[in-house]
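Participant: Pasted the sequence and its predicted model underneath.
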Amino acid sequence: MPTKDRKVRRQRGSRTHGWGQIGQHRARGGRGGTGKAGLDKHKWTYVIKHDPTYWEKKGFVSVKSLGKKVHVINVGQLDDLADKLESAKKLEKKENKLFVDLQVLGYDKLLGTGEVTKPMLVKVASYSESASEKLAAAGGEILKETE
């Protein structure tokens, strides 16, 4: 076909040559980048319409990074708790001492803040040194979880 008969000769000056308003019928320049390029810039409407979860956090979370929540109770709080449970008759006595199983009550560790007035046998997974000294001074003792 001779050059003078090509459509491009008639379309001179029309900018788009009949291919619409913006960027159509172009080569590689019409895609706005390859792959996911521009999804947070000029292709953001695609993300909103077709993949609204694109920016959400997802994937693996290490259990170690979450950490275990340790539920603690102080000996002062334990003394008050023992009073309440004793008045509700939900405590048993062993060796003439109140027996408190902290695992059943949902506690993992016993700490030493506060005062103890009654001799108690306390069953708990872990405890501080000061908590054990205060219970021993009041005539009680701590039983490890394995006993």
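Facilitator: Received it, and whenever you're ready, just let me know what you need.

Participant: Grab the longest helix from this protein for me.
Facilitator: helix 75-87 (DSSP state H).

Participant: That one - contacts with which helices or strands?
Facilitator: strand 97-101, strand 109-111, strand 120-124, helix 129-137 (3 or more CB pairs under 8 Å, 6 or more residues apart in numbering; DSSP states H and E). All C-beta atoms are positioned from the backbone trio N, CA, C, and that covers glycine.

Participant: Give the rounded mean pLDDT of the shortest one.
Facilitator: Put plainly, it is strand 109-111. The predicted model assigns strand 109-111 a mean pLDDT of 95.

Participant: hmm, who's touching that strand?
Facilitator: 70-75, 78, 102, 122, 124-128, 130-131, 142 (CB atoms under 8 Å, 6 or more residues apart in numbering).

Participant: can we see that at 10 Å?
Facilitator: 70-78, 100, 102, 122-128, 130-132, 134-135, 142 (CB atoms under 10 Å, 6 or more residues apart in numbering).

Participant: quick check, residue 90 in a strand?
Facilitator: No: according to DSSP: H, G, I helix; E, B strand; the rest coil, residue 90 belongs to no strand; its state is coil.

Participant: Can you list the neighbours in contact with the longest helix of the chain?
Facilitator: Here helix 75-87 has contacts from 73-74, 90-93, 98-100, 102, 105, 107, 110-118, 120, 122, 124, 127-128, 130-135, 138, 140, using CB under 10 Å, 6+ apart.

Participant: Now do it, average pLDDT.
Facilitator: 90.

Participant: Give the next helix or strand downstream of it.
Facilitator: Reading on from helix 75-87 to the C-terminus, the next helix or strand found by DSSP states H and E is strand 92-94.

Participant: okay, the helices and strands packed on helix 75-87 in a markdown table with distance to residue 56 next?
Facilitator: Shown next, in a markdown table, are the helices and strands packed on helix 75-87 (distance: least, CB to CB, whole Å):
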| stretch | distance to residue 56 |
| --- | --- |
| strand 97-101 | 43 |
| strand 109-111 | 36 |
| strand 120-124 | 41 |
| helix 129-137 | 44 |
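
Participant: Of all the ones you listed, which one is nearest residue 39?
Facilitator: Ranking the helices and strands packed on helix 75-87 by proximity to residue 39 (CB to CB) places strand 109-111 first, at 48.0 Å.
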